[in-house]
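In: next come a sequence and a model predicted from it.
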Amino acid sequence: MKKTLIALAAVAATGAAFAQSTVTLFGVADTAVTYTKTGAAKKTSMTTSGLNSSRIGFRGEEDLGGGMKAAFHMEAGVNTDNGTGAGTNTNNQAAGQIAGTTTVGSQGLTFNRRMTASLMGGFGELRVGRDYTPLFWNQTVFDPFGTNGVGASQANAAANPASLVVGVRASNSIGYMSPSFNGFQVQLQTFLGENASNDAATGKNSGSGNGLRATYAQGPVSLALATAKYDTDLNVKHEGTNFGASYDLGVAKIMAVYSQDQDSTSGVDAAKVKGTLIGLTAPLGAGVAKAAWSNSKQGATVDTDKFAVGYVYNLSKRTSIYTTFANTKPKTGDKTTGFDLGLSHSF
Amino acid sequence: MKKTLIALAAVAATGAAFAQSTVTLFGVADTAVTYTKTGAAKKTSMTTSGLNSSRIGFRGEEDLGGGMKAAFHMEAGVNTDNGTGAGTNTNNQAAGQIAGTTTVGSQGLTFNRRMTASLMGGFGELRVGRDYTPLFWNQTVFDPFGTNGVGASQANAAANPASLVVGVRASNSIGYMSPSFNGFQVQLQTFLGENASNDAATGKNSGSGNGLRATYAQGPVSLALATAKYDTDLNVKHEGTNFGASYDLGVAKIMAVYSQDQDSTSGVDAAKVKGTLIGLTAPLGAGVAKAAWSNSKQGATVDTDKFAVGYVYNLSKRTSIYTTFANTKPKTGDKTTGFDLGLSHSF
Amino acid sequence: MKKTLIALAAVAATGAAFAQSTVTLFGVADTAVTYTKTGAAKKTSMTTSGLNSSRIGFRGEEDLGGGMKAAFHMEAGVNTDNGTGAGTNTNNQAAGQIAGTTTVGSQGLTFNRRMTASLMGGFGELRVGRDYTPLFWNQTVFDPFGTNGVGASQANAAANPASLVVGVRASNSIGYMSPSFNGFQVQLQTFLGENASNDAATGKNSGSGNGLRATYAQGPVSLALATAKYDTDLNVKHEGTNFGASYDLGVAKIMAVYSQDQDSTSGVDAAKVKGTLIGLTAPLGAGVAKAAWSNSKQGATVDTDKFAVGYVYNLSKRTSIYTTFANTKPKTGDKTTGFDLGLSHSF
């Protein structure tokens, strides 16, 4: 449920008619107590976004006539355990990135989650600004835990490490979303690193990239394929492809993701990062039960399994209490046990 | 007076009924011209929050049925003289703190004043996130100047020095507020420093603490006792207790605070900080007159008196003009004279 | 068109009447693809504010009775290409400034564009906080491109270099706007650098200044004169005067600006910066065509011409597509070619 602000047009001196438009204020406050244990290190924390990503945002649409609409969407991440905002990235490169640390710059609110203006019509939607990348959608949509909380998919964690600044969203992007043709839709995105053509140190294309996502949804079936190429740094290219699928059996919805990501430096390929997830969600009482196994592999040395189970108890359509338990087991080194108990409220 | 946004439930595909809910946008813009003189240093400034703390916030409630409610509250401090936001703290320790300086990080808006989600019912309120500490409430509620502006209580200034990062609010907190039993209420809070159990350098408990506040309000009488223990740093513990009382005689409301705070480092106690305030507020014309004497003492060397008088002229229930004059006199060193002339507008 | 939130007064325990008030949420999302070429350096970027400055804000008014009103205005700049906010300045000096860089501190939202509280009545408006300077108004109002995008006036660029922190706005200001007397209005502003009287290193008056603007508007004629003096640093004073005029012929509106700015260090005058602009806007089809020539000169070495043309196609009163082409030619060095293609949406 979203708040819709009743909007009355200011009556201009030259016109007497009232027009009507809407701006919607929306958000999520999701806070959990989280316990983690990795070897001897135990920690109890308050965390944010264990079920849904905490945020506050403003969005609106204007009818332009002739089936056309204009729209804006400004959405800021909020860490509800301490009131900080979340950093964004100005040029899709490490230099424009704010680390998720306790440093000063990560404190202010930014529209890091989405900052777009759109034109929409029969042709689909043209969207400019900062937005999700096509590659990320499949990692989160087909994860029962939505890449949030202690249960977040290991496949995504490996495919989108902190070092990959466009793993989730890209700034300076132009996107196109087609309308649905019998359940088929296509999403295209290109984004810019904004370097000068003669910037030999940074590389002309660093921070630039393209992505494509094709989806099919019909009845209980949902399928999605995405692929993308980025220049992540001077002479460093990243290629990724993933596929997600879900089928709703009624008693449960089963889902899976397979992803493959690869860096190459000056044309030399690194070992591929391969991610796999198999999961399900099932209505249970006044809520939903969830389970997922996910894995990431890279070459001979990295092979990490994660198993997660959770339950969301809905107090209403907008408010839930949830708990998640997860076990992450790398091939070598200490396993990590995580536990979330949280309250999520949407507005 | 607060803005209440009319909220219309999006009509979900599965249901036709409209539900109603509210989000409130609220705030304060309080700006003053402030003159201070300490020895030879005179300064004229524009300042913020001379009467009420400047802020902008969003809050809302949802009725869950059965006497239960869910709520959220996001409130950002604003420096209305220059448009900066105010920093918050991520881990209740100095390392997670943003100093109140002109450095870059103190500029962005954060929900530093309060960022909470709540469940409320007959049992009281359970509140998680960033919130006031029980110990601070008495320092501000029983100060005629509300710990704001040049007249702010000296008792609080000494009890909550800049070095005590949880002097006013704590992040990562879980709080409980009881319902009122014949005027009695209890408030409990625990908060987390979020260190690993084997973090020998920082200390497992640094930034963690607990607080309790018990209040009694009946007719003209208001009494409140608060006590708290924090681990402020590795091997540094802080203990505080304070008591506040007010009595409304009709022609004037008299109030007093006594507080005692003590650090101990590796078990060795520092000298206690003792704070005292005696004050009054009195309706006068279309406004309120205020006066307070406050004092802080620590050991044999620190003994600072402050005397403050002020008048608030109400242009409406939401808008006031105010002036405060204060004189701060330490045992040794220059005295400080301060003067505020300000405009405070709530929305 | 602005959103006006329906505001219902909370019914206080002591009163039963409902009062009504409004808070307005407003903003602009303006994003462009920008191409620039300076010598061998070509760059394609997403940029913000090519036509109108991107922002989000909250403002409201309260009727105090007797012809008096109180008001607040909180307005934050937003970089819509990446979701960052814009920095403000705490003391009108370089030390309180946030550079427009990719550093962490420039990321958070601040009310950098305007953060004011006002009292208004028959006497005019008294406004305190952070606001535009009188000197800037003429540079932007009489520029067909509103000092935005690749076509922004060269006269303003030279008069208000990045080193002049109060070139556009000043914090810690008190302003007065007179009512209109037969088309004549006066605006006064004083602002404070907030240094101690005995601060020999910074200088008592650094960051302080005063400005005056007088305007006349009647029918097709608009005239405006502004003058200001600032202490920009220790022993560095800045003086500026400018004049703008426009005449609406119906088929086109012609406009011109002349400005003169001068620094003096310890009483020694630097060469004057002289700015000139001649421009026009003309209704054309469902939009507006624009053209401007502007120039800045300083002494014998600096003499830069800029020629800009543009067209704004209005999809509605709130939404436009625009394009601008500009050519900047300094006396020596490479010329710069710039091109904007953007979408601007107001709400």
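Out: Received the coordinates, thanks.
In: taking the stretch 101-250 of chain A, what residue is nearest to chain B?
Out: residue A:108 (1.6 Å; CB to the nearest CB). Using the backbone N, CA and C atoms, a C-beta is placed for each residue, glycine as well.
In: does that residue touch residue C:88 like I think?
Out: No: in this structure residue A:108 lies outside contact range of residue C:88 using CB atoms under 8 Å: 11.3 Å.
In: and these two? which has more neighbours close in?
Out: It is residue A:108, of residue A:108 and residue C:88, that has more neighbours when counted by other CB atoms under 10 Å in any protein chain shown, with 35 against 25.
In: dihedrals phi and psi, the residue positioned nearest the centre of chain A?
Out: Centroid check for chain A by CA atoms, centre = their mean gives residue A:168 as the closest residue, at 5.3 Å. When read as degrees, to the nearest 10, the backbone of residue A:168 gives phi -120, psi -50.
In: now chain A, which segments are flagged as low pLDDT?
Out: A:1-21, A:95-106 (pLDDT under 70).
In: max-length strand in it?
Out: Taking DSSP state E as the criterion, chain A has its longest strand at strand A:20-38.
In: and that strand, which strands flank it?
Out: When pairs are called by DSSP bridges, strand A:20-38 turns out to pair with strand A:3-8 (antiparallel), strand A:41-48 (antiparallel), strand A:55-65 (antiparallel), strand A:336-346 (antiparallel).
In: so in chain A, which helix runs the longest?
Out: Longest helix in chain A by number of residues (criterion: DSSP state H): helix A:134-141.
In: any part of that one near chain C?
Out: No: Helix A:134-141 does not reach chain C (CB under 8 Å from any CB of the partner chain); its nearest approach is 16.0 Å.
In: so how far is that helix off the chain centroid?
Out: Taking CA atoms, centre = their mean, to the nearest Å, one finds helix A:134-141 lying 7 Å from the centre of the chain it belongs to.
In: residues contacting it, please?
Out: A:146-147, A:153, A:155-156, A:159-160, A:167-169, A:187-189, A:211-213, A:224-228, A:240, A:242-244, A:257, A:259, A:275 (CB atoms under 8 Å, 6 or more residues apart in numbering or on different chains).
In: and the next helix or strand past that helix?
Out: Where DSSP states H and E defines the elements, the next helix or strand beyond helix A:134-141 is helix A:154-159.
In: helices or strands next to the following helix or strand past that following helix in the packing?
Out: Next helix or strand after helix A:154-159 toward the C-terminus (DSSP H and E): strand A:169-177. Where contact means 3 or more CB pairs under 8 Å, 6 or more residues apart in numbering or on different chains; DSSP states H and E, strand A:169-177 is packed against strand A:124-132, strand A:184-191, strand C:41-48.
In: pairing partners for strand A:169-177, with directions?
Out: strand A:124-132 (antiparallel), strand A:184-191 (antiparallel).
In: before we move on, the earlier item: residues contacting the residue nearest to the centre of chain A?
Out: Per CB under 8 Å, 6+ apart, neighbours of residue A:168: A:132-133, A:136, A:160.
In: now for those residues, which pair is the farthest apart?
Out: Across the contacts of residue A:168, the longest distance by CB to CB is 11.6 Å; it joins A:132 and A:160.
In: between those two, tell me which one has more neighbours.
Out: Neighbours around residue A:132 and residue A:160, counted as other CB under 10 Å, are more numerous at residue A:160. The numbers are 25 against 19.
In: give me every residue that touches the more buried one.
Out: Neighbour list for residue A:160: A:136, A:139, A:167-168 [criterion: CB under 8 Å, 6+ apart].
In: now do residue A:226
Out: Residue A:226 makes contacts with A:134-135, A:137-138, A:211-214, A:240-243, as judged by CB under 8 Å, 6+ apart.
In: can you pick the most crowded of these?
Out: residue A:135 (32 neighbours).
In: mind listing the strands for the stretch 201-347 of chain A?
Out: Taking DSSP state E, counting those that start in this stretch, the strands of the stretch 201-347 of chain A run over residues A:209-218, A:221-233, A:236-248, A:253-265, A:268-269, A:273-284, A:287-298, A:302-314, A:319-329, A:336-346.
In: partner strands of the first one and their direction?
Out: Looking at strand A:209-218 with DSSP bridges, its partner strands are strand A:184-191 (antiparallel), strand A:221-233 (antiparallel).
In: will you turn the ones you listed into CSV that also has distance to residue B:307?
Out: Formatted as CSV, the strands paired with strand A:209-218 follow (distance: least, CB to CB, whole Å):
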stretch, distance to residue B:307
strand A:184-191, 61
strand A:221-233, 62
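In: can you pull the contacts of the residue of chain A found nearest chain C?
Out: Closest to chain C within chain A is residue A:108: 1.5 Å, counting by CB to the nearest CB. Residue A:108 is in contact with A:84-85, B:85, B:105, B:107-110, C:85, C:105, C:107-110, counting by CB under 8 Å, 6+ apart.
In: residue A:158 too?
Out: Applying CB under 8 Å, 6+ apart, the residues near residue A:158 are A:261, A:273, A:275, A:296, A:298, A:302, A:304.
In: and which of those residues is nearest chain B?
Out: residue A:304 (20.5 Å).
In: how many residues are close by that closest one?
Out: 22.
In: ok, now residue A:249?
Out: So residue A:249, with other CB under 10 Å, has 10 neighbours.
In: list the contacts for it?
Out: residue A:220.
In: ditto for the one 10 residues further on
Out: Neighbour list for residue A:259: A:138-139, A:155-156, A:159, A:240-243, A:273-276 [criterion: CB under 8 Å, 6+ apart].
In: so what's it bridging to?
Out: residue A:242, residue A:275.
In: hey, what's residue A:225 bridged with?
Out: Counting by DSSP bridges, the residues bridging with residue A:225 are residue A:214, residue A:243.
In: is there a neighbour count for it? I'd like the number.
Out: 16.
In: rewinding a little: ok, the contacts of residue A:226 vs residue B:23, which is closest?
Out: Closest to residue B:23, out of all of the contacts of residue A:226 and judged by CB to CB, is residue A:137, at 28.6 Å.
In: list the beta-bridge partners for residue A:324.
Out: residue A:310, residue A:340.
In: hang on, isn't it packed against residue A:146?
Out: No: the pair residue A:324 / residue A:146 is not scored as a contact, 11.0 Å apart, by CB under 8 Å.
In: specify the beta-bridge partners of residue A:125.
Out: Applying DSSP bridges, one finds that residue A:125 bridges with residue A:120, residue A:177.
In: tell me who's in contact with it.
Out: A:118-119, A:175-177.
In: likewise residue A:230?
Out: Residue A:230 touches A:92, A:166, A:207-209, A:237-238, counting by CB under 8 Å, 6+ apart.
In: repeat that for residue A:292.
Out: A:143-145, A:151, A:153, A:277-280, A:306-308.
In: skipping its backbone neighbours, what lies nearest it in space?
Out: Spatial nearest neighbour of residue A:292, chain neighbours left out: residue A:279 (3.3 Å); criterion: CB to CB, 6 or more residues apart in numbering or on different chains.
In: ditto for residue A:215
Out: Closest to residue A:215 by CB to CB, 6+ apart is residue A:224, at 4.3 Å.
In: could you check how far that neighbour is from residue B:261?
Out: The spacing between residue A:224 and residue B:261, counted by CB to CB, to the nearest Å, is 58 Å.
In: so between those two, which is more surrounded?
Out: residue B:261 (25 against 22).
In: next, the contact list for the more buried one, please.
Out: So residue B:261 contacts B:158-159, B:238-240, B:272-273, B:275 (CB under 8 Å, 6+ apart).
In: now with 7 Å?
Out: Neighbour list for residue B:261: B:159, B:238, B:240, B:272-273 [criterion: CB atoms under 7 Å, 6 or more residues apart in numbering or on different chains].
In: identify the bridge partners of the closest residue to residue A:286 other than its chain neighbours.
Out: In space, residue A:286 comes closest to residue A:314 once its chain neighbours are excluded; the distance is 5.6 Å by CB to CB, 6+ apart. Beta bridges link residue A:314 to residue A:320 when assigned by DSSP bridges.
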